[in-house]
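Asks: Below: sequence and its predicted model.
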Amino acid sequence: MNKNTITAALSVTLCALAHAASAATVTLAPPAGTTNNVLQVFSGDTALVVAGPGTVSLSPANSHTGGTTLSGGTLLVNDGGLGSHSPVGTGALAITGGTLRGSGTFSHNINASAAATLAGDGTLTLSGNNTFGVGAAFSEGTVEISGGTTTFGARVDLGNKANATATLLIRGGSVTSAGNLQRGYAANAGSALMMTGGTFDVGGKNSVVGYNGGPVIVRTDISGTASLRNLGSFYIHGNGGSSSVNEVIVHDGGTFGFVSFYDSASATTTLLVDGGTLANDTTGASSSRTS
């Protein structure tokens, strides 16, 4: 289909764009360091592309059917709960680069074919079925997974931004990963994995904590009916210093399945079972598990 392209590369609020033909592709490309608050409501067969490198905020009243693609920069969403309307219109959000950031509930499916970064302003809740083909990075704020199926095809980075704390909150659904869960790889980084429901299967890979050059705070809290399972080794390495913390608490009803849990640096490592269950359910695990 022959589609027109409208490119908005402005550092001011866009109150309206020229009305495009129903088959138009609108590319929003604000300069670095700027935010475009796009008040234009898109509908019909329009397709949106957020190309960056700046930030784009979209109207929660969009109903376009041509799809939305995040290819660079930051897409800021605040889903206002308008039923069939949403910042990204109808259908899934495609990610080929950039950062998805915002608050509220984002109910659309996400299909990411390149490395994606997610961040919460307050709490960004994902309730759809999501596929991150080459993994994802949770950089700061809180991102919640409330249901559906979420698949990471490679490593998951949680809290690897200097002087920032990232929280991944899993309340329901099924989460799987084909790569390591890497946490605290930046100076003064904070990383929290909180589970109150659902399952997170790490596929026999490791949860690795460490940074050479500064302290990190890494906490994991499992409660309710949640299960964090199929972990290989859960450990700290590097030289973050004695003020680094790696703490896991398993509350009543929660399950933590792993092979080994240890500290190969000078950090404080704590595993507290508060009525929960330690399960040796990791692929290839043996009775030699250490904890």
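Replies: The structure has been received and is ready for your questions. Quick caveat: nothing in here was measured; it's all calculated off a predicted structure. Numbers count the residues shown, from 1 in each chain.
Asks: in what helix or strand does residue 160 lie?
Replies: Residue 160 belongs to no helix or strand when elements are defined using DSSP states H and E.
Asks: Spatially nearest residue to it, not counting backbone neighbours?
Replies: Of all residues not flanking residue 160 in the chain, residue 185 sits nearest, at 4.3 Å (CB to CB, 6 or more residues apart in numbering). Placement of C-beta: from N, CA and C, glycine included.
Asks: I'd guessed the one you found sits against residue 158; true?
Replies: No: contact criterion CB atoms under 8 Å: residue 185 and residue 158 do not qualify, at 9.7 Å.
Asks: Between the two, which has more neighbouring residues?
Replies: Between residue 185 and residue 158, counted using other CB atoms under 10 Å, the more crowded position is residue 158 (26 against 21).
Asks: so that one bridges to which residues?
Replies: Residues in a beta bridge with residue 158, per DSSP bridges, are residue 138, residue 183.
Asks: what packs against the helix or strand harbouring residue 273?
Replies: Per DSSP H and E, residue 273 falls inside strand 268-274. The criterion is 3 or more CB pairs under 8 Å, 6 or more residues apart in numbering; DSSP states H and E, and the helices and strands that strand 268-274 contacts are strand 245-251, strand 260-263.
Asks: among those, which is the most enclosed?
Replies: Mean neighbour count (mean count of other CB atoms under 10 Å) peaks for strand 245-251 among the helices and strands packed on strand 268-274, with a mean of 21.
Asks: Centre of the chain to whichever helix or strand comes after that strand, how far?
Replies: Proceeding N to C from strand 245-251, the next assigned helix or strand is strand 255-257, under DSSP H and E. Between the centre of strand 255-257 and the centre of its chain there are 22 Å (CA atoms, centre = their mean, to the nearest Å).
Asks: mind starting the numbering at 181 from now?
Replies: OK, 181 is where the count begins now, so the last one is strand 435-437.
Asks: buried stuff in strand 435-437?
Replies: For strand 435-437, burial by neighbour count (16 or more other CB atoms under 10 Å) applies to 435-437.
Asks: likewise stretch 224-238?
Replies: Across stretch 224-238, burial judged by 16+ other CB under 10 Å covers 225-232, 234-238.
Asks: pLDDT check: weakest of those residues?
Replies: By pLDDT, residue 238 ranks lowest within the buried residues of stretch 224-238, coming in at 87.
Asks: hmm, back to that, can you tell me what sits against the helix or strand that the strand holding residue 453 is followed by?
Replies: Downstream of strand 448-454, the first helix or strand assigned by DSSP H and E is strand 457-459. Residues outside strand 457-459 that contact it (CB atoms under 8 Å, 6 or more residues apart in numbering): 407, 409, 430, 434-438, 471.
Asks: what about strand 457-459, distance to the chain center?
Replies: In terms of CA atoms, centre = their mean, the centre of strand 457-459 is found 26 Å from the chain centre.
Asks: Likewise for stretch 211-228?
Replies: Put simply, stretch 211-228 sits 23 Å off its chain's centre (CA atoms, centre = their mean).
Asks: Let's see it as PDB, backbone CA atoms only.
Replies: C-alpha atoms of stretch 211-228 as PDB (Å, rounded to 0.1, in the frame of the first residue of the first chain):
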ATOM      1  CA  PRO A 211      14.800  16.100  18.700                       C
ATOM      2  CA  ALA A 212      16.800  14.800  21.600                       C
ATOM      3  CA  GLY A 213      16.000  16.400  24.900                       C
ATOM      4  CA  THR A 214      12.500  17.500  23.800                       C
ATOM      5  CA  THR A 215       9.000  16.200  24.500                       C
ATOM      6  CA  ASN A 216       6.100  16.400  22.000                       C
ATOM      7  CA  ASN A 217       2.700  16.300  23.600                       C
ATOM      8  CA  VAL A 218       0.600  15.200  20.600                       C
ATOM      9  CA  LEU A 219      -3.000  16.200  21.100                       C
ATOM     10  CA  GLN A 220      -4.100  15.100  17.600                       C
ATOM     11  CA  VAL A 221      -6.500  12.200  17.800                       C
ATOM     12  CA  PHE A 222      -5.600   9.500  15.200                       C
ATOM     13  CA  SER A 223      -8.300   7.300  13.700                       C
ATOM     14  CA  GLY A 224      -9.000   5.200  10.600                       C
ATOM     15  CA  ASP A 225      -6.200   3.400   8.800                       C
ATOM     16  CA  THR A 226      -3.400   5.600  10.100                       C
ATOM     17  CA  ALA A 227      -0.200   4.000  11.200                       C
ATOM     18  CA  LEU A 228       2.000   5.700  13.800                       C
END
